[in-house]
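Enquirer: Provide a 3D model corresponding to the input given below.
(one chain, ligands or ions: 1)
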Amino acid sequence: MPAKKPSRAAGALIGVVMGSDTDLPVMTETIKMLRRFEVPFEVEVTSAHRSPERTHEYARTAACRGLKVIIVGAGGASHLAGIVAAETTLPVIAVPVVTTPLAGLDALYSTVQMPTGVPVAVMAVDKPGAANAGIYAAEILAISDPDLAARLQAYKEELARSVAEKSARVKQQLENPQA
Ligand code: RP5
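Expert: Down below sits the predicted model:
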């Protein structure tokens, strides 16, 4: 039976691609951010090594399907983001996923040192990087979307408030060590 072609999500602006379904627990952090900022996205599993044709098809058709940014999560010998970037002029953001005993360093190194001419924006390893990939993609779209920029600004203010609350909690704990 021929392999299923990548599916099309109408209205999606961001493509979230992962090398395997085992990357989903990490890439869920990206999805949470995109949902939070109300950015329409589509999700695809495709592998640079196990399904090269599917990967090429996805990358080649991404821009004409209306995507603006592609986020790629993969682990191990992680060539997926680079392969996608080779086939599109859309910005590609990579998330190195921890899946092997090398704990993400393998995926980081496979992704970060791209040759001149084929850039990939590489985030931090694993869940923090996945969350930041969603924010970063939203920031790219927000350049031409003031409502989205306002949602991002509100998020920054929330972050700052949470730090002030943490500071207050730490001071309280130190003042009342028994409480
Ligand atoms: C990579 O290999 C995937 O992105 C995943 O992180 C890793 C392991 O894949 P599975 O063997 O769990 O499918 O290509």
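Enquirer: As a check, name the ranges of all helices in the protein.
Expert: Secondary structure of the chain by DSSP state H: the helices cover 24-36, 52-62, 80-86, 105-112, 126-142, 146-175.
Enquirer: so which of the ones you listed comes closest to Thr99?
Expert: Between Thr99 and the helices of the chain, the shortest gap by CB to CB is with helix 105-112, which sits at 7.4 Å. Glycine gets a C-beta too; all of them are placed from N, C-alpha and C.
Enquirer: Please spell out which residues along the closest one are buried.
Expert: Asp106, Ala107, Leu108, Ser110, Thr111 (16 or more other CB atoms under 10 Å).
Enquirer: So Ala130 sits against Val26, correct?
Expert: Yes - if you go by CB atoms under 8 Å, Ala130 and Val26 touch, sitting 5.0 Å apart.
Enquirer: what do those two both touch?
Expert: Gly73, Val95, Val97 (CB atoms under 8 Å, 6 or more residues apart in numbering).
Enquirer: got a winner among the residues you listed for most neighbours?
Expert: Val95 (36 neighbours; other CB atoms under 10 Å).
Enquirer: ok, now which ones touch the one residue in the chain that gets nearest to the ligand?
Expert: Closest approach between the chain and the ligand, counting by CB to the nearest ligand atom: Gly19, at 2.3 Å. For Gly19, the contact set (CB under 8 Å, 6+ apart) comprises Val45, Thr46, Ser47, Ala48, Val72, Gly73, Ala74, Gly75, Ser78, Leu80, Val97.
Enquirer: likewise Thr55?
Expert: By CB under 8 Å, 6+ apart, the residues touching Thr55 are Thr46, Ser47, Ala48, Leu80, Ile83, Val84.
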